[in-house]
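Enquirer: Build me a structure from this.
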Amino acid sequence: MQCRLDGQVAVVTGGSSGLGRGIALQFGQAGASVVVNYFSGEEKAKEVVREIESGGGRAIAVKADVAQQEEVNALFARAVEQFGAVDILVANSGIQKDAAFTDLTLDEWRKVIDTNLTGQFLCAQTAVRQFRKQGDRGVSRARGKILHMSSVHEAIPWAGHANYAASKGGVSLLMRTLAQEVAEEGIRVNGIAPGAIRTAINADALQGEGEKEVLKLIPYHRVGDPEDVARAALFLVSDMADYVVGATLFVDGGMTLYPGFRDNG
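Expert: Numbering: from 1, shown residues only. This is a model prediction of the structure:
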């Protein structure tokens with residue numbers, strides 16, 4: 001058995017850049033037809049599509065705000081119209097708006113919660129409805145698969161990032177609660193929690209002295225690459241992981257091992 005997704009259709013939200021881009025490309029290489037969702041950066045999304053197609057795969061780019069029910073409905077409708085079904089959802093879209101707790105505005109709180117948590121709820125709910133509607137397509141042992149993108153900050157508090165940490169803590173229990181509810185239908189729901197990953201959004205923070213400080217928090221002593229997360233995502237949605245249900249896979253080089261306590265704190 002291999003980590004292949006032949007004959008399957010995957011919706012990857014936030015697929016135009018960063019972790020979503022890496023996952024979309026990995027899924028395309030594994031044989032899936034990929035719906036590359038984006039909110040901004042249309043050209044970047046089209047570049048991902050072209051790269052998948054250049055490798056012999058199938059893909060389309062679809063704009064949608066995952067925090068809006070109507071746009072999520074349209075995203076899934078477009079996927080079904082183009083490819084006939086949806087077998088996999090990677091709920092990856094996420095944003096940060098950082099501020100000290102007493103400086104954090106209600107608008108900054110709401111925007112992060114709306115995208116990072118409500119957006120994952122809306123996409124997962126729509127995916128489950130689609131899985132039920134189309135039934136068992138015979139392309140995977142599971143009837144459908146959902147992968148929620150979380151963060152090490154579902155477990156590690158993060159001062160100055162209360163909205164982000166709260167959203168990821170919510171994603172953790174959303175994922176496990178949904179997994180508990182739909183597992184009996186043959187729908188597998190899991191999460192993935194990356195640590196420090198070298199993407200465009202944090203490129204400046206992971207250079208020079210910034211990288212040296214981050215490496216102090218990573219026992220494995222390297223910053224991750226998008227491919228590290230993409231390969232883990234491929235495993236979790238493939239039949240190789242068919243007995244993995246309601247689990248969060250931390251891809252963090254050991255960050256959640258709290259390396260500051262190696263010498264008894």
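Enquirer: Asn37: what's it in contact with?
Expert: Neighbouring residues of Asn37 by CB atoms under 8 Å, 6 or more residues apart in numbering: 11-16, 20, 45, 61-64, 66, 75, 93. For the C-beta atoms, the positions are set from N, CA and C on the backbone; glycine is no exception.
Enquirer: Show me those that map onto helices.
Expert: Among the contacts of Asn37, DSSP state H puts Gly20, Ala45, Leu75 in helices.
Enquirer: what is the rounded mean pLDDT of stretch 37-55?
Expert: In this model, stretch 37-55 carries a mean pLDDT of 97.
Enquirer: Now do the buried residues in it.
Expert: Asn37, Tyr38, Phe39, Gly41, Lys44, Ala45, Lys46, Glu47, Val48, Val49, Glu51, Ile52 (16 or more other CB atoms under 10 Å).
Enquirer: Hmm, the fourth one is touching Ser16, no?
Expert: So that's Gly41. Yes: between Gly41 and Ser16 there is a contact under CB atoms under 8 Å: 4.6 Å.
Enquirer: Contacts made by the top helix by length along the chain with the rest, please.
Expert: When the chain is parsed with DSSP H, its longest helix is helix 162-182. The contact list for helix 162-182, computed with CB under 8 Å, 6+ apart, reads 94, 96-98, 101, 104, 108-109, 112-113, 115-117, 120-121, 124, 128, 146, 148-151, 153-155, 157-158, 188-191, 193, 245-246, 248.
Enquirer: Who are the contact partners of the spatially closest residue to His221 that is not a sequence neighbour?
Expert: Closest residue to His221 apart from its sequence neighbours, by CB to CB, 6 or more residues apart in numbering: Leu215 at 5.7 Å. Neighbour list for Leu215: His221, Arg222, Val223 [criterion: CB under 8 Å, 6+ apart].
Enquirer: And for Lys46?
Expert: Taking CB under 8 Å, 6+ apart, we find Lys46 in contact with Ala61.
Enquirer: Sort out which residues of the helix or strand bottoming out on mean pLDDT in the chain are buried, please.
Expert: Ranked by mean pLDDT, DSSP states H and E, the weakest helix or strand in the chain is helix 208-215, scoring a mean of 88. Going by neighbour count (16+ other CB under 10 Å), the buried part of helix 208-215 is Val214, Leu215.
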